[in-house]
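**Student:** Following is a predicted model, sequence given first.
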Amino acid sequence: MLQKIISVSAMAMIASASLAQVNTVSLNVGEAKTVINKNIYGHFAEHLGSCIYDGFYVREGNKTIPNTDGVRNDIIDALKKLKIPNLRWPGGCFADTYQWKDGIGPKNKRPSIVNRWWGGVTEDNSFGTHDFLNMCKRIGCEPYLAANVGSGTVQNFIDWIQYVNYKPASSPMALLREQNGQKEPWNVKIWGVGNEAWGCGGNMKPDHYANIYRQYATFMTDWTNSDSLFRVASGANVDDYNWTETLMREIPANMLEGVALHHYSFVKWSEKGSATDYSEEQYFATMKTALRMDELVTKHSTIMDKYDPKKKIALVVDEWGGWYNVEPGTNPGFLYQQNTMRDAMIAGVTLNIFHNHSDRVRMANLAQAVNVLQSVILTNKEKMILTPTYHVMEMYNVHQDATMIPAKIISNDYVFNGGKIPAVSVSASKDKDGITHISLVNIDASKPQDIVVNINGAKFSSVSGRVLTSQKLQDYNSFTEASKIQPAIFRDAKLSGGQLQVKLPPFAVVVLTLK
Ligand code: AHR
(Lines give C-alpha, C1' and ligand atoms only; values in the text may rest on other atoms or scores of the structure.)
Protein backbone atom coordinates (compact mmCIF):
# COMPACT_ATOMS: atom_id res chain seq x y z
CA MET A 1 0.00 0.00 0.00
CA LEU A 2 2.77 2.38 1.05
CA GLN A 3 4.58 1.59 -2.18
CA LYS A 4 1.43 2.38 -4.16
CA ILE A 5 1.03 5.77 -2.44
CA ILE A 6 4.65 6.60 -3.12
CA SER A 7 4.40 5.68 -6.78
CA VAL A 8 1.12 7.62 -7.20
CA SER A 9 2.67 10.73 -5.70
CA ALA A 10 5.82 10.22 -7.76
CA MET A 11 3.63 10.04 -10.88
CA ALA A 12 1.83 13.19 -9.81
CA MET A 13 5.18 14.91 -9.42
CA ILE A 14 6.31 13.76 -12.84
CA ALA A 15 3.02 14.90 -14.32
CA SER A 16 3.22 18.31 -12.67
CA ALA A 17 6.89 18.67 -13.69
CA SER A 18 6.02 17.93 -17.30
CA LEU A 19 2.95 20.16 -17.07
CA ALA A 20 5.16 22.96 -15.82
CA GLN A 21 7.16 22.65 -19.01
CA VAL A 22 4.18 23.39 -21.22
CA ASN A 23 3.51 27.05 -21.87
CA THR A 24 -0.14 27.96 -22.17
CA VAL A 25 -1.63 30.72 -24.26
CA SER A 26 -5.32 31.69 -24.17
CA LEU A 27 -6.72 33.66 -27.06
CA ASN A 28 -10.07 35.35 -26.75
CA VAL A 29 -11.16 36.01 -30.30
CA GLY A 30 -14.47 37.51 -29.13
CA GLU A 31 -12.58 40.26 -27.31
CA ALA A 32 -10.66 41.42 -30.37
CA LYS A 33 -11.38 45.14 -30.87
CA THR A 34 -8.21 47.23 -31.19
CA VAL A 35 -6.65 47.64 -34.60
CA ILE A 36 -2.88 47.16 -34.84
CA ASN A 37 -1.98 50.36 -36.62
CA LYS A 38 0.28 49.47 -39.53
CA ASN A 39 2.41 52.48 -38.62
CA ILE A 40 3.90 50.38 -35.82
CA TYR A 41 5.98 48.89 -38.67
CA GLY A 42 7.69 52.20 -39.49
CA HIS A 43 11.39 52.66 -40.20
CA PHE A 44 13.97 55.37 -39.74
CA ALA A 45 16.59 56.80 -42.12
CA GLU A 46 19.04 59.33 -40.70
CA HIS A 47 21.92 61.18 -42.30
CA LEU A 48 24.23 58.93 -40.32
CA GLY A 49 27.08 56.78 -41.57
CA SER A 50 26.04 54.91 -44.70
CA CYS A 51 22.29 54.94 -44.17
CA ILE A 52 21.55 57.64 -46.74
CA TYR A 53 24.87 58.14 -48.57
CA ASP A 54 26.18 54.79 -49.93
CA GLY A 55 23.05 53.17 -48.50
CA PHE A 56 19.77 54.37 -49.97
CA TYR A 57 21.46 56.96 -52.15
CA VAL A 58 24.27 56.06 -54.54
CA ARG A 59 23.96 59.25 -56.61
CA GLU A 60 22.46 59.96 -60.01
CA GLY A 61 24.40 58.55 -62.95
CA ASN A 62 25.77 55.62 -60.95
CA LYS A 63 26.43 52.99 -63.62
CA THR A 64 27.30 50.03 -61.39
CA ILE A 65 24.33 50.02 -59.00
CA PRO A 66 20.87 50.09 -60.64
CA ASN A 67 19.07 53.17 -59.33
CA THR A 68 16.29 55.62 -59.96
CA ASP A 69 17.30 59.23 -59.45
CA GLY A 70 20.26 57.97 -57.44
CA VAL A 71 18.23 55.73 -55.07
CA ARG A 72 19.02 52.00 -55.21
CA ASN A 73 16.29 49.99 -56.92
CA ASP A 74 17.03 46.87 -54.87
CA ILE A 75 16.38 48.75 -51.62
CA ILE A 76 13.14 50.20 -52.95
CA ASP A 77 11.97 46.72 -53.98
CA ALA A 78 12.92 45.15 -50.64
CA LEU A 79 11.15 47.86 -48.63
CA LYS A 80 8.06 47.61 -50.84
CA LYS A 81 7.95 43.89 -50.16
CA LEU A 82 8.31 44.61 -46.46
CA LYS A 83 5.24 46.90 -46.73
CA ILE A 84 6.87 49.64 -44.71
CA PRO A 85 4.11 52.11 -43.82
CA ASN A 86 6.25 55.14 -42.95
CA LEU A 87 9.84 56.32 -42.98
CA ARG A 88 11.28 58.88 -40.54
CA TRP A 89 13.90 61.32 -41.87
CA PRO A 90 16.41 63.13 -41.65
CA GLY A 91 17.17 62.27 -37.99
CA GLY A 92 17.62 61.56 -35.10
CA CYS A 93 20.17 63.94 -33.69
CA PHE A 94 20.90 65.12 -37.24
CA ALA A 95 17.35 66.54 -37.49
CA ASP A 96 18.07 69.35 -35.05
CA THR A 97 21.03 70.52 -37.13
CA TYR A 98 19.28 70.18 -40.49
CA GLN A 99 18.50 73.26 -42.57
CA TRP A 100 16.08 71.96 -45.16
CA LYS A 101 16.69 74.89 -47.52
CA ASP A 102 20.30 73.66 -47.94
CA GLY A 103 18.88 70.48 -49.51
CA ILE A 104 16.77 71.93 -52.34
CA GLY A 105 17.63 73.44 -55.74
CA PRO A 106 20.48 72.52 -58.09
CA LYS A 107 22.69 69.95 -56.40
CA ASN A 108 25.94 71.58 -57.48
CA LYS A 109 24.95 74.81 -55.76
CA ARG A 110 23.99 73.34 -52.39
CA PRO A 111 26.09 74.31 -49.38
CA SER A 112 28.01 71.69 -47.43
CA ILE A 113 27.87 71.33 -43.67
CA VAL A 114 29.71 69.21 -41.14
CA ASN A 115 27.67 66.39 -39.66
CA ARG A 116 28.21 67.41 -36.06
CA TRP A 117 26.84 64.27 -34.48
CA TRP A 118 27.91 61.48 -36.74
CA GLY A 119 31.60 61.18 -37.50
CA GLY A 120 32.18 64.87 -38.30
CA VAL A 121 31.93 64.06 -42.01
CA THR A 122 31.05 66.60 -44.68
CA GLU A 123 27.39 66.54 -45.68
CA ASP A 124 26.96 67.98 -49.16
CA ASN A 125 23.17 68.10 -48.95
CA SER A 126 22.83 66.25 -52.25
CA PHE A 127 20.07 64.10 -50.75
CA GLY A 128 17.32 66.52 -49.74
CA THR A 129 13.58 66.99 -49.46
CA HIS A 130 12.70 66.13 -53.08
CA ASP A 131 14.92 63.03 -53.04
CA PHE A 132 13.38 61.78 -49.81
CA LEU A 133 9.75 62.47 -50.61
CA ASN A 134 9.97 61.03 -54.12
CA MET A 135 11.72 57.98 -52.69
CA CYS A 136 8.85 57.49 -50.21
CA LYS A 137 6.40 57.64 -53.11
CA ARG A 138 8.32 54.88 -54.87
CA ILE A 139 8.40 52.75 -51.75
CA GLY A 140 4.71 53.45 -51.17
CA CYS A 141 5.17 54.68 -47.61
CA GLU A 142 4.21 57.83 -45.72
CA PRO A 143 7.04 60.24 -45.06
CA TYR A 144 7.62 61.24 -41.44
CA LEU A 145 9.62 64.47 -41.38
CA ALA A 146 11.48 65.16 -38.14
CA ALA A 147 12.01 68.90 -38.24
CA ASN A 148 14.63 71.08 -36.63
CA VAL A 149 13.63 72.68 -33.35
CA GLY A 150 16.92 72.58 -31.40
CA SER A 151 18.84 74.91 -33.73
CA GLY A 152 15.98 76.07 -35.94
CA THR A 153 13.25 78.68 -36.01
CA VAL A 154 9.48 78.52 -36.15
CA GLN A 155 9.60 80.32 -39.49
CA ASN A 156 11.95 77.78 -41.04
CA PHE A 157 9.82 74.94 -39.73
CA ILE A 158 6.56 76.23 -41.10
CA ASP A 159 8.18 77.22 -44.39
CA TRP A 160 9.10 73.57 -44.79
CA ILE A 161 5.48 72.53 -44.23
CA GLN A 162 4.35 75.13 -46.73
CA TYR A 163 7.03 74.01 -49.23
CA VAL A 164 5.93 70.37 -49.21
CA ASN A 165 2.19 70.79 -48.67
CA TYR A 166 0.89 74.00 -50.21
CA LYS A 167 -1.16 73.76 -53.36
CA PRO A 168 0.53 74.68 -56.67
CA ALA A 169 1.77 78.18 -57.48
CA SER A 170 -0.08 80.08 -54.84
CA SER A 171 2.39 80.72 -52.08
CA PRO A 172 6.04 81.76 -51.94
CA MET A 173 7.15 78.28 -50.82
CA ALA A 174 4.93 76.49 -53.38
CA LEU A 175 6.47 78.68 -56.10
CA LEU A 176 9.94 77.78 -54.91
CA ARG A 177 8.98 74.11 -54.99
CA GLU A 178 7.73 74.47 -58.54
CA GLN A 179 10.91 76.25 -59.58
CA ASN A 180 12.71 73.21 -58.21
CA GLY A 181 10.72 70.93 -60.49
CA GLN A 182 7.85 69.73 -58.29
CA LYS A 183 4.43 71.13 -59.13
CA GLU A 184 2.22 68.97 -56.96
CA PRO A 185 2.60 69.04 -53.19
CA TRP A 186 3.53 65.82 -51.39
CA ASN A 187 0.99 66.31 -48.58
CA VAL A 188 3.20 65.25 -45.71
CA LYS A 189 1.08 64.48 -42.67
CA ILE A 190 3.51 63.21 -40.02
CA TRP A 191 5.81 65.80 -38.43
CA GLY A 192 8.23 65.39 -35.57
CA VAL A 193 8.66 68.58 -33.57
CA GLY A 194 12.37 68.13 -32.87
CA ASN A 195 14.10 64.99 -31.64
CA GLU A 196 15.40 64.01 -28.21
CA ALA A 197 14.89 67.56 -26.94
CA TRP A 198 16.23 66.32 -23.57
CA GLY A 199 19.59 65.51 -25.24
CA CYS A 200 21.06 66.20 -28.69
CA GLY A 201 17.93 68.19 -29.57
CA GLY A 202 18.82 71.02 -27.19
CA ASN A 203 19.35 69.59 -23.69
CA MET A 204 16.04 71.11 -22.65
CA LYS A 205 14.10 70.54 -19.48
CA PRO A 206 10.60 69.16 -19.96
CA ASP A 207 8.76 72.39 -19.07
CA HIS A 208 10.92 74.36 -21.43
CA TYR A 209 10.34 71.90 -24.27
CA ALA A 210 6.60 71.80 -23.55
CA ASN A 211 6.49 75.59 -24.02
CA ILE A 212 8.60 75.45 -27.16
CA TYR A 213 6.37 72.68 -28.52
CA ARG A 214 3.27 74.81 -27.91
CA GLN A 215 4.89 77.68 -29.76
CA TYR A 216 5.80 75.55 -32.80
CA ALA A 217 2.50 73.68 -32.85
CA THR A 218 0.60 76.99 -32.87
CA PHE A 219 1.96 77.82 -36.31
CA MET A 220 1.89 74.35 -37.83
CA THR A 221 -0.83 73.95 -40.41
CA ASP A 222 -1.33 71.74 -43.44
CA TRP A 223 -2.71 74.79 -45.26
CA THR A 224 -6.12 73.25 -45.68
CA ASN A 225 -9.21 73.61 -43.54
CA SER A 226 -9.00 70.05 -42.36
CA ASP A 227 -5.74 70.53 -40.48
CA SER A 228 -4.89 66.88 -40.52
CA LEU A 229 -1.24 67.12 -39.50
CA PHE A 230 -0.02 64.43 -37.14
CA ARG A 231 2.32 66.29 -34.75
CA VAL A 232 4.72 64.20 -32.69
CA ALA A 233 6.29 65.76 -29.61
CA SER A 234 9.84 64.76 -28.84
CA GLY A 235 9.36 62.18 -26.11
CA ALA A 236 10.98 60.56 -23.15
CA ASN A 237 14.28 58.81 -22.95
CA VAL A 238 13.44 55.30 -21.72
CA ASP A 239 11.93 55.63 -18.22
CA ASP A 240 11.85 59.40 -17.89
CA TYR A 241 8.19 59.35 -16.81
CA ASN A 242 8.38 62.95 -15.66
CA TRP A 243 9.00 63.96 -19.27
CA THR A 244 5.78 62.31 -20.46
CA GLU A 245 3.83 63.62 -17.47
CA THR A 246 5.01 67.19 -18.13
CA LEU A 247 4.18 67.09 -21.84
CA MET A 248 0.75 65.59 -21.22
CA ARG A 249 -0.02 68.12 -18.50
CA GLU A 250 1.33 71.23 -20.23
CA ILE A 251 0.38 70.70 -23.87
CA PRO A 252 -3.31 71.08 -24.71
CA ALA A 253 -4.68 67.87 -26.19
CA ASN A 254 -5.83 69.64 -29.35
CA MET A 255 -2.22 70.59 -30.14
CA LEU A 256 -0.82 67.09 -29.99
CA GLU A 257 -1.34 63.86 -31.93
CA GLY A 258 1.62 61.80 -30.74
CA VAL A 259 4.18 61.65 -27.95
CA ALA A 260 7.44 59.89 -28.70
CA LEU A 261 9.48 57.39 -26.67
CA HIS A 262 13.00 56.10 -27.39
CA HIS A 263 14.33 52.83 -26.03
CA TYR A 264 17.26 50.76 -27.30
CA SER A 265 18.32 47.24 -26.31
CA PHE A 266 21.92 46.53 -25.33
CA VAL A 267 24.09 44.55 -22.97
CA LYS A 268 25.17 47.64 -21.01
CA TRP A 269 25.22 51.17 -22.36
CA SER A 270 28.86 51.55 -21.31
CA GLU A 271 29.93 48.15 -22.65
CA LYS A 272 27.78 47.19 -25.59
CA GLY A 273 29.85 44.26 -26.86
CA SER A 274 30.12 42.80 -30.33
CA ALA A 275 27.08 42.50 -32.59
CA THR A 276 28.07 38.97 -33.59
CA ASP A 277 30.58 37.58 -31.11
CA TYR A 278 28.56 37.58 -27.90
CA SER A 279 28.11 35.18 -25.01
CA GLU A 280 24.84 33.79 -23.71
CA GLU A 281 25.23 36.15 -20.75
CA GLN A 282 25.33 39.13 -23.12
CA TYR A 283 22.39 37.74 -25.07
CA PHE A 284 20.36 37.32 -21.90
CA ALA A 285 21.15 40.88 -20.79
CA THR A 286 20.14 42.26 -24.21
CA MET A 287 16.84 40.39 -24.17
CA LYS A 288 16.14 41.71 -20.70
CA THR A 289 16.43 45.31 -21.96
CA ALA A 290 14.33 44.47 -25.01
CA LEU A 291 11.54 42.98 -22.85
CA ARG A 292 11.61 46.10 -20.73
CA MET A 293 9.73 47.77 -23.57
CA ASP A 294 6.57 46.24 -22.11
CA GLU A 295 7.04 47.96 -18.76
CA LEU A 296 7.95 51.24 -20.50
CA VAL A 297 4.94 51.41 -22.77
CA THR A 298 2.67 50.31 -19.90
CA LYS A 299 3.91 53.05 -17.57
CA HIS A 300 4.07 55.83 -20.17
CA SER A 301 0.57 54.82 -21.32
CA THR A 302 -0.75 54.92 -17.76
CA ILE A 303 0.45 58.52 -17.47
CA MET A 304 -1.11 59.37 -20.81
CA ASP A 305 -4.40 57.76 -19.71
CA LYS A 306 -4.65 60.29 -16.87
CA TYR A 307 -4.77 63.21 -19.28
CA ASP A 308 -6.17 61.46 -22.32
CA PRO A 309 -8.52 58.69 -21.13
CA LYS A 310 -9.99 58.27 -24.61
CA LYS A 311 -6.52 57.49 -25.96
CA LYS A 312 -6.66 60.04 -28.74
CA ILE A 313 -2.95 60.79 -28.49
CA ALA A 314 -0.62 58.04 -29.72
CA LEU A 315 2.51 56.79 -28.03
CA VAL A 316 5.05 56.83 -30.86
CA VAL A 317 8.11 54.67 -30.21
CA ASP A 318 10.04 56.33 -32.99
CA GLU A 319 13.42 54.83 -32.11
CA TRP A 320 13.91 51.25 -30.96
CA GLY A 321 16.25 48.33 -31.68
CA GLY A 322 19.53 46.70 -30.66
CA TRP A 323 22.67 48.82 -30.23
CA TYR A 324 26.11 47.17 -30.13
CA ASN A 325 29.71 48.08 -30.86
CA VAL A 326 30.40 49.00 -34.46
CA GLU A 327 31.98 46.33 -36.69
CA PRO A 328 35.77 46.24 -36.23
CA GLY A 329 37.56 48.67 -38.51
CA THR A 330 34.49 50.82 -39.23
CA ASN A 331 34.02 54.47 -38.22
CA PRO A 332 32.71 54.55 -34.61
CA GLY A 333 30.51 57.50 -35.58
CA PHE A 334 28.75 55.47 -38.26
CA LEU A 335 27.04 52.90 -35.99
CA TYR A 336 27.42 50.12 -38.53
CA GLN A 337 26.66 46.71 -36.96
CA GLN A 338 25.83 43.20 -38.15
CA ASN A 339 22.48 41.61 -37.33
CA THR A 340 22.14 38.10 -35.88
CA MET A 341 19.39 35.87 -34.51
CA ARG A 342 19.57 38.01 -31.34
CA ASP A 343 18.18 40.88 -33.43
CA ALA A 344 15.45 38.62 -34.78
CA MET A 345 14.48 37.90 -31.15
CA ILE A 346 14.44 41.62 -30.31
CA ALA A 347 12.26 42.35 -33.33
CA GLY A 348 9.83 39.52 -32.56
CA VAL A 349 9.29 40.34 -28.90
CA THR A 350 9.15 44.11 -29.48
CA LEU A 351 6.53 43.85 -32.20
CA ASN A 352 4.52 41.49 -29.97
CA ILE A 353 4.67 44.12 -27.20
CA PHE A 354 3.53 46.84 -29.60
CA HIS A 355 0.64 44.68 -30.86
CA ASN A 356 -0.49 43.94 -27.33
CA HIS A 357 -0.47 47.68 -26.55
CA SER A 358 -2.01 48.74 -29.84
CA ASP A 359 -4.65 50.83 -28.07
CA ARG A 360 -1.93 53.39 -27.28
CA VAL A 361 1.14 52.47 -29.35
CA ARG A 362 0.05 53.47 -32.82
CA MET A 363 3.36 54.22 -34.48
CA ALA A 364 6.96 53.06 -34.11
CA ASN A 365 10.20 53.27 -36.04
CA LEU A 366 12.97 50.71 -35.99
CA ALA A 367 16.45 52.30 -35.88
CA GLN A 368 17.55 52.24 -38.63
CA ALA A 369 16.56 50.96 -42.08
CA VAL A 370 19.92 50.60 -43.84
CA ASN A 371 23.51 50.12 -42.54
CA VAL A 372 22.91 51.73 -39.13
CA LEU A 373 22.12 49.95 -35.82
CA GLN A 374 19.45 47.21 -36.15
CA SER A 375 19.06 47.48 -39.90
CA VAL A 376 16.77 45.48 -42.09
CA ILE A 377 19.15 45.94 -45.02
CA LEU A 378 22.95 46.02 -45.27
CA THR A 379 24.80 47.11 -48.39
CA ASN A 380 28.33 46.74 -49.63
CA LYS A 381 28.92 48.44 -52.97
CA GLU A 382 26.60 46.67 -55.45
CA LYS A 383 25.67 43.92 -52.95
CA MET A 384 22.68 44.08 -50.65
CA ILE A 385 21.59 41.62 -47.97
CA LEU A 386 18.43 41.21 -45.93
CA THR A 387 19.03 40.75 -42.22
CA PRO A 388 17.18 38.39 -39.85
CA THR A 389 15.33 41.50 -38.61
CA TYR A 390 14.04 42.08 -42.15
CA HIS A 391 12.66 38.54 -42.24
CA VAL A 392 10.87 38.93 -38.90
CA MET A 393 9.27 42.18 -40.05
CA GLU A 394 8.22 40.58 -43.31
CA MET A 395 6.75 37.51 -41.56
CA TYR A 396 4.93 39.78 -39.09
CA ASN A 397 3.48 42.23 -41.60
CA VAL A 398 0.30 40.12 -41.78
CA HIS A 399 -0.63 41.89 -38.53
CA GLN A 400 -0.67 45.34 -40.12
CA ASP A 401 -4.11 46.92 -39.66
CA ALA A 402 -5.50 43.61 -38.35
CA THR A 403 -7.51 43.49 -35.11
CA MET A 404 -5.49 42.45 -32.09
CA ILE A 405 -6.73 39.35 -30.26
CA PRO A 406 -5.99 39.64 -26.54
CA ALA A 407 -3.60 36.86 -25.53
CA LYS A 408 -2.88 35.63 -22.03
CA ILE A 409 0.24 33.59 -21.51
CA ILE A 410 1.66 31.43 -18.76
CA SER A 411 5.24 31.11 -19.88
CA ASN A 412 8.18 29.09 -18.69
CA ASP A 413 11.18 31.04 -17.55
CA TYR A 414 14.37 31.34 -19.47
CA VAL A 415 16.82 31.05 -16.62
CA PHE A 416 20.41 32.15 -16.90
CA ASN A 417 22.96 32.61 -14.11
CA GLY A 418 20.28 33.02 -11.48
CA GLY A 419 18.31 35.56 -13.56
CA LYS A 420 15.06 34.78 -15.34
CA ILE A 421 12.89 36.23 -18.07
CA PRO A 422 9.80 34.76 -19.75
CA ALA A 423 10.87 32.30 -22.44
CA VAL A 424 7.89 32.81 -24.74
CA SER A 425 6.33 35.95 -26.18
CA VAL A 426 3.06 35.97 -28.12
CA SER A 427 0.63 38.20 -29.98
CA ALA A 428 -2.29 37.46 -32.28
CA SER A 429 -4.64 39.24 -34.66
CA LYS A 430 -7.50 38.68 -37.05
CA ASP A 431 -7.25 40.31 -40.47
CA LYS A 432 -9.99 41.79 -42.62
CA ASP A 433 -10.51 38.44 -44.41
CA GLY A 434 -11.11 36.70 -41.08
CA ILE A 435 -7.71 34.96 -41.04
CA THR A 436 -6.03 34.69 -37.66
CA HIS A 437 -2.25 35.03 -37.23
CA ILE A 438 -0.32 34.13 -34.11
CA SER A 439 3.28 35.27 -33.60
CA LEU A 440 5.36 33.29 -31.14
CA VAL A 441 8.94 33.84 -30.04
CA ASN A 442 11.05 31.42 -28.03
CA ILE A 443 13.80 33.52 -26.51
CA ASP A 444 15.47 30.62 -24.71
CA ALA A 445 18.91 30.04 -26.21
CA SER A 446 18.91 26.28 -25.76
CA LYS A 447 15.53 24.83 -24.75
CA PRO A 448 12.64 24.16 -27.13
CA GLN A 449 9.20 25.16 -25.84
CA ASP A 450 5.95 23.24 -25.96
CA ILE A 451 2.99 25.56 -26.16
CA VAL A 452 -0.70 24.83 -25.86
CA VAL A 453 -2.87 27.56 -27.36
CA ASN A 454 -6.50 27.53 -26.26
CA ILE A 455 -8.64 29.46 -28.66
CA ASN A 456 -11.96 30.78 -27.41
CA GLY A 457 -14.58 32.23 -29.70
CA ALA A 458 -13.49 30.81 -33.06
CA LYS A 459 -13.06 27.48 -34.83
CA PHE A 460 -10.33 26.71 -37.32
CA SER A 461 -9.78 23.80 -39.67
CA SER A 462 -6.21 24.43 -40.77
CA VAL A 463 -2.93 25.77 -39.48
CA SER A 464 0.21 26.61 -41.41
CA GLY A 465 3.27 28.56 -40.44
CA ARG A 466 6.71 29.99 -41.09
CA VAL A 467 9.73 29.89 -38.81
CA LEU A 468 12.95 31.87 -38.58
CA THR A 469 15.80 30.20 -36.74
CA SER A 470 19.34 29.01 -37.39
CA GLN A 471 22.03 26.62 -36.22
CA LYS A 472 23.66 29.13 -33.89
CA LEU A 473 22.28 32.12 -32.06
CA GLN A 474 25.18 34.20 -33.34
CA ASP A 475 24.48 33.35 -37.00
CA TYR A 476 23.90 36.17 -39.47
CA ASN A 477 23.53 36.79 -43.18
CA SER A 478 26.75 38.01 -44.73
CA PHE A 479 27.80 39.27 -48.13
CA THR A 480 29.25 35.81 -48.83
CA GLU A 481 26.34 33.87 -47.33
CA ALA A 482 23.35 36.11 -47.88
CA SER A 483 20.63 33.50 -47.32
CA LYS A 484 22.01 31.65 -44.32
CA ILE A 485 18.98 32.79 -42.31
CA GLN A 486 15.64 32.96 -44.02
CA PRO A 487 12.06 31.94 -43.24
CA ALA A 488 11.20 28.27 -43.69
CA ILE A 489 7.96 26.31 -43.53
CA PHE A 490 7.02 25.45 -39.95
CA ARG A 491 5.53 22.01 -39.35
CA ASP A 492 5.38 21.74 -35.58
CA ALA A 493 1.88 23.15 -35.06
CA LYS A 494 -1.12 20.85 -34.78
CA LEU A 495 -4.79 21.65 -34.38
CA SER A 496 -7.07 19.33 -32.45
CA GLY A 497 -10.47 20.41 -31.24
CA GLY A 498 -10.24 23.98 -30.05
CA GLN A 499 -6.59 23.50 -29.14
CA LEU A 500 -3.39 24.23 -30.94
CA GLN A 501 -0.17 22.49 -29.97
CA VAL A 502 3.09 24.06 -30.98
CA LYS A 503 6.70 23.11 -30.42
CA LEU A 504 9.09 26.00 -30.86
CA PRO A 505 12.79 25.36 -31.38
CA PRO A 506 15.23 27.43 -29.28
CA PHE A 507 15.73 31.08 -30.36
CA ALA A 508 13.03 30.99 -32.99
CA VAL A 509 10.31 33.26 -34.33
CA VAL A 510 7.17 31.61 -35.71
CA VAL A 511 4.12 33.10 -37.39
CA LEU A 512 1.09 30.81 -37.68
CA THR A 513 -1.88 31.24 -40.00
CA LEU A 514 -5.20 29.79 -38.89
CA LYS A 515 -8.17 29.46 -41.18
O1 AHR B 1 19.56 56.28 -33.93
C2 AHR B 1 20.77 56.87 -33.56
C3 AHR B 1 20.58 58.03 -32.61
O4 AHR B 1 20.06 57.58 -31.40
C5 AHR B 1 19.60 59.10 -33.05
O6 AHR B 1 20.18 60.03 -33.90
C7 AHR B 1 19.22 59.72 -31.75
O8 AHR B 1 17.93 60.29 -31.79
C9 AHR B 1 19.35 58.60 -30.75
O10 AHR B 1 20.02 58.98 -29.62
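**Tutor:** Happy to help now that I have it.
**Student:** At the geometric centre of this structure, which residue sits there?
**Tutor:** Leu366 (2.9 Å; Cα atoms, centre = their mean).
**Student:** residues from the protein in reach of the ligand?
**Tutor:** Residues of the chain lying close to the ligand (Cβ under 6 Å from any ligand atom) are Glu46, Gly91, Gly92, Cys93, Asn195, Glu196, Glu319, Ala367, Gln368, Leu373. (Glycine included, C-beta is placed from N, CA and C.)
**Student:** For the closest residue to Ser470 other than its chain neighbours, give its distance to Thr350.
**Tutor:** Once flanking residues are discounted, Ser470 sits nearest to Ile485: 4.9 Å by Cβ to Cβ, 6 or more residues apart in numbering. Going from Ile485 to Thr350 by Cβ to Cβ, to the nearest Å gives 18 Å.
**Student:** What residue in the stretch 1-150 of the chain comes nearest to the ligand?
**Tutor:** Relative to the ligand, the nearest point of the stretch 1-150 of the chain is Gly92 (2.6 Å; Cβ to the nearest ligand atom).
**Student:** pLDDT value on that residue, please?
**Tutor:** Model confidence at Gly92, expressed as pLDDT, equals 98.
**Student:** and Ser429, bridged to which residues?
**Tutor:** Beta bridges link Ser429 to Met404, His437 when assigned by DSSP bridges.
**Student:** Give the full set of residues in contact with it.
**Tutor:** Taking Cβ atoms under 8 Å, 6 or more residues apart in numbering as the criterion, Ser429 is in contact with Ala32, Ile36, His355, Val398, His399, Ala402, Thr403, Met404, Ile405, Thr436, His437.
**Student:** and the third one, what element?
**Tutor:** Going back to what we said before, that points to His355. helix 341-356 (DSSP states H and E).
**Student:** So which elements touch that helix?
**Tutor:** For helix 341-356, the elements it packs on are helix 280-307, strand 314-322, strand 361-366, helix 388-396, strand 424-430, strand 436-442, strand 508-514, judged by 3 or more Cβ pairs under 8 Å, 6 or more residues apart in numbering; DSSP states H and E.
**Student:** Which of Ile485 and Thr350 has more residues huddled nearby?
**Tutor:** Neighbours per residue (other Cβ atoms under 10 Å) separate Ile485 from Thr350, with Thr350 holding more: 28 against 23.
**Student:** which ones are touching that one?
**Tutor:** Contacts of Thr350 (Cβ under 8 Å, 6+ apart): Ala290, Met293, Trp320.
**Student:** Just the pLDDT at the closest residue to the second one other than its chain neighbours, thanks.
**Tutor:** Distances taken as Cβ to Cβ, 6+ apart put Ile353 closest to Met293, at 4.9 Å, once the chain neighbours are dropped. Among the per-residue scores, Ile353 shows a pLDDT of 98.
**Student:** hang on, Ile353 packs against Asp294?
**Tutor:** Yes - contact criterion Cβ atoms under 8 Å: Ile353 and Asp294 qualify, at 4.8 Å.
**Student:** And these two? Which one has more around it.
**Tutor:** Neighbour count, other Cβ under 10 Å: between Ile353 and Asp294, Ile353 has more, with 24 against 18.
**Student:** Can you name the residues that contact that one?
**Tutor:** Ile353 neighbours (Cβ under 8 Å, 6+ apart): Leu291, Met293, Asp294, Val297, Ser425, Ser427.
**Student:** thinking again about what came up before, roughly how far apart are the residue nearest to Met293 and Gly91?
**Tutor:** Shown here: Ile353 relative to Gly91, a distance of 25 Å by Cβ to Cβ.
**Student:** Look at the residue in the stretch 151-300 of the chain that the ligand sits nearest to and say how many residues are nearby.
**Tutor:** Residue of the stretch 151-300 of the chain nearest the ligand, by Cβ to the nearest ligand atom: Glu196 (4.6 Å). Using other Cβ under 10 Å, Glu196 is surrounded by 24 other residues.
**Student:** give me the element the residue lying closest to it once chain neighbours are set aside is part of.
**Tutor:** Using Cβ to Cβ, 6+ apart and skipping the chain neighbours, the partner closest in space to Glu196 is Ser234 (6.1 Å). Per DSSP H and E, Ser234 falls inside strand 230-237.
**Student:** So which bits of that strand are buried?
**Tutor:** For strand 230-237, the neighbour count (16 or more other Cβ atoms under 10 Å) marks Phe230, Arg231, Val232, Ala233, Ser234, Gly235, Ala236, Asn237 as buried.
**Student:** What helices and strands are in contact with it?
**Tutor:** Judged by 3+ Cβ pairs under 8 Å, 6+ apart, strand 230-237 is in contact with strand 190-193, helix 206-219, helix 241-250, strand 258-265, strand 314-322.
**Student:** Tell me which residues touch Asn195, please.
**Tutor:** Listed by Cβ under 8 Å, 6+ apart, the contact set of Asn195 reads Gly91, Gly92, Cys93, Ala95, Asp96, Ala146, Gly150, Gly201, Ser234.
**Student:** quick one: it from Tyr209, how far?
**Tutor:** 11 Å.
**Student:** Next, show the common contact partners of the two.
**Tutor:** What both Asn195 and Tyr209 touch, as defined by Cβ under 8 Å, 6+ apart, is the set Ser234.
**Student:** Fine by me, we can end here.
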